[in-house]
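Participant: Below are the sequence and a predicted model; questions follow.
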Amino acid sequence: MEFQASQLSYQETGSFSAIACDYLEDQSALKPFFEHSVSIEGIKSAIRDRQAFPTKRKMLVEELRKQYKELPTNPLVMENISRLLDENCFTITTAHQPAIFTGTLYFVYKILHSIRLASYLGQQLPAYQFVPVFFMGSEDADLDELGKIYLGHEEIVWDTKQTGAVGRMKPEGLDKIILRLEGEFSVLPGGPELIGFLKESYLSSGTVQEATLKLVHALFSRYGLLVVIPDNDRFKEVMSKVFADDLFEQIPSRIVEGTVERLSANYKVQANPRDINLFYLRDQIRERIVLRDNGCYGILSGPWNFSKQELADELREFPGRFSPNVILRGLFQSILLPDLVFIGGSGELSYWMELVDLFRHYQVPYPVLLLRNSFLIINRRWSEKIRKMDLSPLQFAQAGEDLLEMLVRKESLHQLKLQAEIGEARHYYEKIKGVAHRIDATLAQHVEALQAKALNGLQELEKKLLKAEKRRFDDQRRQIEEIRSALFPQGQLQERIENFMPYYAQWGRSFLDALYQHSLALEQRFTVLEEQ
């Protein structure tokens with residue numbers, strides 16, 4: 001399988017936020033909200049900051065070895081874990097929640113970007129080592145988002161009544177979805193391998209985070225990717241001081257509120273801090289910790305209540321029961337890992353910019369922020385149809401009627417514009433207005449009314465001419481809607497709706513290899529891939 005790749009700016013797609021586009025253009029309004037440029041010099045600057053910060057590498061490696069103990073051994077993965085002991089080894093990290101069956105396509109894109117960048121930096125800066133990492137947001141409790149996928153136009157939803165952190169949920173009931181996927185994909189070239197991965201991952205795991213670890217390992221271990229599951233007591237011990245500050249002094253919220261106030265002067269903010277930015281994580285519960293009016297602490301909807309001392313004791317004895325929200329998650333990641341670069345979508349970059357003062361307060365190295373790679377994948381069938389219509393793929397992102405109108409105006413053999421006639425009519429009535437004005441000035445208003453009526457009539461006629469001609473282009477209308485629906489499902493970028501499985505079932509491992517081959521490193525461009 002081969003693709004022809006072409007790039008364009010993210011701005012040209014019209015699908016990315018103002019803050020992401022301004023970040024790519026290095027706008028001065030955003031400079032106070034990040035530390036390093038997206039360049040080799042920016043990477044070197046981040047390395048200097050990182051080298052001055054102590055990372056608990058031995059503990060990290062010990063826990064990762066435990067995590068991978070039951071998985072199929074991959075020499076490159078185990079080598080990358082060992083490399084983390086080296087003070088000159090750094091992580092290139094992306095993050096996502098454990099959406100069932102990976103959720104949307106950009107789950108795969110951001111992982112491959114971290115792998116590609118780690119390889120690129122290893123070539124450019126051979127004195128250092130770079131390891132790609134997927135940081136799993138397994139404590140997220142948004143099942144409405146994480147418990148569904150789209151296949152074609154169909155939404156497939158995991159039917160479960162479980163609550164709490166999605167990563168801790170049992171994958172019960174997913175076997176029914178896998179059975180349906182097997183019926184659809186097993187006849188395709190890569191289908192049997194894909195279904196094997198799904199069965200091995202979800203049907204032999206006790207939790208969703210374990211299943212996601214297995215699936216990501218099956219797909220990406222050959223590239224040396226490490227998966228980090230932060231739902232770990234020893235990992236959370238590194239955040240004890242920050243967690244205490246959040247619970248008892250509300251320091252993080254005050255810092256981030258100040259940053260958000262400055263950032264929101266020009267941009268829509270992605271996340272707002274709460275007084276307390278921690279959840280209580282236990283059993284099937286992940287609920288916000290709140291400070292009550294009586295000075296005691298409680299859970300927003302749960303049976304536990306604590307005095308200040310009891311909560312401090314709980315934090316000391318059971319750090320794993322405290323789950324950070326988005327305001328503290330980035331800091332947790334960068335304290336735990338020897339992080340150099342964070343790769344995320346436009347929303348993720350936005351909330352990371354809200355955290356820059358929090359990082360400065362705790363003197364934690366702030367990573368280089370990199371907008372993840374984005375692709376538009378066009379198979380041969382659609383590519384040929386688009387070529388025959390003499391249009392470009394991204395033109396199909398606009399409304400279907402607008403695209404049809406452009407096509408009709410370009411291909412029609414008839415006159416559809418009445419610009420010359422309207423101009424002549426305007427000139428005609430101006431002459432009459434002059435004649436009338438010389439006889440009686442008040443008659444000029446009457447002529448203007450006649451002119452307006454005539455011009456409106458001509459403009460309405462022009463619309464009717466176009467509408468009538470459009471009816472002769474019914475085949476083109478159907479083709480436009482068919483292509484738009486395929487390339488921009490639900491009117492959105494393909495990567496925000498579709499899942500990777502239909503592509504893997506069709507093309508197998510070569511699909512991931514092709515994406516990796518065309519993944520950019522530090523270049524910030526949108527890539528269109530057309531099957532050859």
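Facilitator: Noted; the coordinates are in hand.

Participant: what about the strands in the stretch 51-200 of the chain?
Facilitator: Assigned by DSSP state E, counting those that start in this stretch, the stretch 51-200 of the chain shows strands spanning 89-96, 129-136, 148-151, 154-157.

Participant: Pick the most buried one from those.
Facilitator: strand 89-96 (a mean of 26; mean count of other CB atoms under 10 Å). In this view, the C-beta of every residue, glycine as well, is placed from N, C-alpha and C.

Participant: what packs against that one?
Facilitator: Contacts defined by 3 or more CB pairs under 8 Å, 6 or more residues apart in numbering; DSSP states H and E place strand 89-96 against helix 105-124, strand 129-136, helix 326-336, strand 339-344.

Participant: between it and helix 105-124, how many degrees?
Facilitator: Using axes from the mean of the first three to the mean of the last three CA atoms, to 10 degrees, the direction of strand 89-96 lies 170 degrees away from that of helix 105-124.

Participant: Kindly indicate whether Ser323 is helix, strand or coil.
Facilitator: Classification of Ser323 by DSSP: H, G, I helix; E, B strand; the rest coil places it in strand.

Participant: Could I get the contacting residues of Ser221?
Facilitator: Residues counted as contacts of Ser221 (CB atoms under 8 Å, 6 or more residues apart in numbering) are 72, 74, 76-77.

Participant: Among those, which pair sits farthest apart?
Facilitator: The most widely separated members of these, counting by CB to CB, are Pro72 and Leu76 (12.3 Å).

Participant: And Ile299, its phi and psi?
Facilitator: Per-residue torsions, Ile299: phi -110, psi 140 (degrees, to the nearest 10).

Participant: burial of Ile285, as a residue count?
Facilitator: 20 (other CB atoms under 10 Å).

Participant: That should have said Leu487, apologies.
Facilitator: As a burial measure, Leu487 scores 19 neighbours (other CB under 10 Å).

Participant: in terms of contact, does it touch Ile497 like I think?
Facilitator: No - applying CB atoms under 8 Å as the test, Leu487 and Ile497 come out as separate, 10.8 Å apart.

Participant: what residue is smack in the middle of this structure?
Facilitator: For the chain, Gly345 is the residue whose C-alpha lies nearest the centre (CA atoms, centre = their mean; 3.8 Å).

Participant: Apart from its neighbours in sequence, what residue is nearest that residue?
Facilitator: Closest residue to Gly345 apart from its sequence neighbours, by CB to CB, 6 or more residues apart in numbering: Arg372 at 5.6 Å.

Participant: Pull the contacting residues for the one you found.
Facilitator: Contacts for Arg372 (CB under 8 Å, 6+ apart) come out as 94, 106, 109-110, 113, 343-345.

Participant: Distance of Asp246 relative to Lys110?
Facilitator: In this view, Asp246 and Lys110 are 28 Å apart by CB to CB, to the nearest Å.

Participant: make that Leu71, sorry
Facilitator: From Leu71 to Lys110 the distance is 21 Å (CB to CB).

Participant: So which of these two has more stuff around it?
Facilitator: Lys110 (24 against 15).

Participant: quick one: low-confidence parts of the stretch 201-350 of the chain?
Facilitator: The stretch 201-350 of the chain contains no residues with pLDDT under 70.

Participant: One more pass at 80, please.
Facilitator: Scanning the stretch 201-350 of the chain for pLDDT under 80 picks out 302-303.

Participant: Okay, helices next: where are they in it?
Facilitator: Under the criterion DSSP state H, counting those that start in this stretch, the stretch 201-350 of the chain contains helices at 208-220, 233-237, 240-248, 251-263, 308-317, 326-336, 346-353.

Participant: of all these, which lies closest to Phe135?
Facilitator: Between Phe135 and the helices of the stretch 201-350 of the chain, the shortest gap by CB to CB is with helix 326-336, which sits at 5.4 Å.

Participant: export that closest one as PDB, just CAs?
Facilitator: Extracted C-alpha coordinates of helix 326-336, given in PDB (Å, rounded to 0.1, in the frame of the first residue of the first chain):
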ATOM      1  CA  VAL A 326      -6.700  18.200  34.100                       C
ATOM      2  CA  ILE A 327      -5.200  21.100  36.100                       C
ATOM      3  CA  LEU A 328      -2.800  18.800  38.000                       C
ATOM      4  CA  ARG A 329      -2.400  16.000  35.400                       C
ATOM      5  CA  GLY A 330       0.300  17.800  33.300                       C
ATOM      6  CA  LEU A 331       2.400  18.600  36.400                       C
ATOM      7  CA  PHE A 332       2.100  14.900  37.500                       C
ATOM      8  CA  GLN A 333       3.200  13.700  34.200                       C
ATOM      9  CA  SER A 334       6.200  16.000  34.000                       C
ATOM     10  CA  ILE A 335       7.300  15.300  37.600                       C
ATOM     11  CA  LEU A 336       7.100  11.500  37.100                       C
END
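
Participant: same for that helix, what does it pack against?
Facilitator: Applying 3+ CB pairs under 8 Å, 6+ apart, one finds that helix 326-336 contacts strand 89-96, helix 233-237, helix 240-248, helix 251-263, strand 339-344, helix 346-353, helix 356-362.

Participant: Which one of these lies nearest to Ala29?
Facilitator: Across the helices and strands packed on helix 326-336, Ala29 has its closest neighbour in helix 251-263 (9.1 Å, CB to CB).

Participant: quick one on the thing from earlier: buried subset of the contacts of Ser221 as a ChimeraX selection?
Facilitator: Command for ChimeraX, covering only those of these found buried under the criterion 16 or more other CB atoms under 10 Å:
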select :74,77
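
Participant: Which of the contacts of Ser221 fall in helices?
Facilitator: Counting by DSSP state H, the contacts of Ser221 place 76-77 in helices.

Participant: can you pull the contacts of Glu182?
Facilitator: By CB under 8 Å, 6+ apart, the contact list for Glu182 reads 191, 195.

Participant: how close does it sit to Thr527?
Facilitator: Applying CB to CB to Glu182 and Thr527 gives a distance of 32 Å.

Participant: just Pro338 next, same as before
Facilitator: According to CB to CB, Pro338 stands 29 Å off from Thr527.

Participant: Same drill for these two, tell me which one is more crowded.
Facilitator: More crowded of Pro338 and Thr527, by other CB under 10 Å: Pro338, with 24 against 20.

Participant: give me every residue that touches Ala127.
Facilitator: Applying CB under 8 Å, 6+ apart, we find Ala127 in contact with Asn88.

Participant: Let me see the backbone angles for it.
Facilitator: As for Ala127, its main-chain torsions (degrees, to the nearest 10) stand at phi -70, psi -10.

Participant: do you know how far it is from Glu314?
Facilitator: According to CB to CB, Ala127 and Glu314 sit 44 Å apart.

Participant: same deal with Met59?
Facilitator: Applying CB to CB, the value for Met59 to Glu314 is 22 Å.

Participant: These two: who's more crowded?
Facilitator: Higher neighbour count among Met59 and Glu314: Glu314, with 18 against 15, using other CB under 10 Å.

Participant: Wait, the more buried one touches Lys308, no?
Facilitator: No - counting by CB under 8 Å, Glu314 sits too far from Lys308 to count as a contact (10.8 Å).

Participant: coming back round to it: among the contacts of Arg372, find me the one that's closest to Glu237.
Facilitator: Proximity of the contacts of Arg372 to Glu237 (CB to CB) peaks at Thr94, which lies at 24.0 Å.

Participant: Kindly state the beta-bridge partners for the closest one.
Facilitator: Beta-bridge pairing of Thr94 under DSSP bridges involves Phe134, Ile343.

Participant: That one: what's it in contact with?
Facilitator: For Thr94, the contacting residues are 110-111, 113-114, 133-135, 342-344, 372, by CB under 8 Å, 6+ apart.

Participant: same thing with Asp159?
Facilitator: By CB under 8 Å, 6+ apart, the residues touching Asp159 are 173, 176.

Participant: Quick check: it vs Arg484, distance?
Facilitator: If you measure Asp159 against Arg484 using CB to CB, the figure is 31 Å.

Participant: Quick one: neighbours of the nearest residue to Arg65 once chain neighbours are set aside, just the number.
Facilitator: Using CB to CB, 6+ apart and skipping the chain neighbours, the partner closest in space to Arg65 is Ile81 (6.2 Å). By other CB under 10 Å, 20 other residues sit near Ile81.
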